[in-house]
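S.K.: Sequence plus predicted model, see below.
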Amino acid sequence: METIKTLIQSKFKDLLLVTVALGFSIFALMLRIKLSKSFFYLFLVWNVFLAIIPYTITMYLSSKETLSKLKLGFWFLVWLAFLPNAPYIITDLIHLRLGNHPLIWLDVLVVLSFALTGLLLFYLSLMTMQKLITATFTDATTRRMTLGILFLCGFGVYLGRFLRYNSWEIISNPKILMLDIIHIIISPFQHSEAWLFTICFGGFLVIGYWIFKQLFDKKYGTNEL
C-alpha cells in the first residue's frame, strides 16, 4: 500500500493528465450515445483500455527500487507488444467516413479525444521506459532504441489496422503472424503500402515524441531524441 501511495505521489501530474483526458473522452462518448442513440463508437473504450496496459507496465516498473536486467527485459518485451495499441487509436479516424448525420462534429470530437488520450498514454509510457533502460544502456544506445521503437510501433499499427492482428496473437497465433511479417520484410515491393505506412506513421510518432519531450524536458532530462 505504501508503494502505491508513493507511486501516485511521484506520478501525480501524469496521472492527473491521463485522468482528465480519459474523463473528457468518456464524457464525449456518453454524450454522443445519448444524442445519437447509437453505441457505434463504444469500441473506443476497449481500444483505450489496451492503450493503458503499456502505461500500467511502465508505472509498475518505475515503482521498483531495484530491477534485474532479466525482469526488465521480460517486461520490456511485453510492453513493446502492447505499445502500438496506444497510437493505433489515431487510425480509428477512418470510421468518420461512415458518418453522415448532423452531429458529425461530435463524432470527430469523440474519436479525436480518444486518439489524443492514446497518444498521451503512449508518450508518457515511452518516456518512462526510456528512463528505465537508460540505467542499463548508454544514452546513445537508448536514443537509437527509442527511434527503433517508434517505427516498430508504426509497423505494429499497420498490422493491427490493415491485417487485423492484435497483441494477443503473438501468443495465440504466432506462426501466421510471423509468416506475414517475414513476407513483408523479404518482399518490400509487393508490400509497398506496409512500408509506406510504417515510415509515414513512424515519422509522425517521431515528430510527436520530439514535441512532447520538449514540453516535458525539465522532468525527463535532455532534449535529445
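M.R.: Happy to help now that I have it.
S.K.: burial count for Leu15?
M.R.: 16 (other C-beta atoms under 10 Å). (Each C-beta comes from the backbone N, C-alpha and C, glycine too.)
S.K.: Distance of it relative to Leu72?
M.R.: Leu15 is 23 Å from Leu72, where distance means C-beta to C-beta, to the nearest Å.
S.K.: other SSEs contacting whatever helix or strand Val157 lives in?
M.R.: According to DSSP states H and E, Val157 maps onto helix 139-161. Counting contacts by 3 or more C-beta pairs under 8 Å, 6 or more residues apart in numbering; DSSP states H and E, helix 139-161 is packed against helix 85-88, helix 104-134, helix 174-186, helix 192-215.
S.K.: distance between the ends of stretch 32-44?
M.R.: One end of stretch 32-44 sits 12 Å from the other (C-alpha to C-alpha, to the nearest Å).
S.K.: let me fix that: stretch 154-167
M.R.: This stretch, stretch 154-167, spans 14 Å end to end (C-alpha to C-alpha).
S.K.: Contact partners for the residue positioned nearest the centre of the chain?
M.R.: In the chain, the residue lying closest to the centroid (C-alpha atoms, centre = their mean) is Ala86, at 2.4 Å. Neighbour list for Ala86: Leu50, Ala51, Pro54, Tyr55, Gly118, Leu119, Leu121, Phe122, Ser125 [criterion: C-beta atoms under 8 Å, 6 or more residues apart in numbering].
S.K.: Now do the fifth one against Ile53, distance only.
M.R.: In this structure, Gly118 and Ile53 are separated by 12 Å, where distance is defined by C-beta to C-beta.
S.K.: one step back: tell me which of the helices and strands packed on helix 139-161 sits most buried.
M.R.: helix 85-88 (a mean of 27; mean count of other C-beta atoms under 10 Å).
S.K.: Tell me which of the helices and strands packed on helix 139-161 lies nearest to Phe76.
M.R.: Closest to Phe76 of the helices and strands packed on helix 139-161, according to C-beta to C-beta: helix 104-134, at 7.1 Å.
S.K.: by how many degrees do that closest one and helix 192-215 diverge?
M.R.: 70 degrees (axes from the mean of the first three to the mean of the last three C-alpha atoms, to 10 degrees).
S.K.: from here on, count from 51
M.R.: Noted, 51 is the first residue going forward, which turns the last one into helix 154-184.
S.K.: tell me how far helix 154-184 is from the chain's mean position?
M.R.: Per C-alpha atoms, centre = their mean, to the nearest Å, the displacement of helix 154-184 from the mean C-alpha position of its chain is 6 Å.
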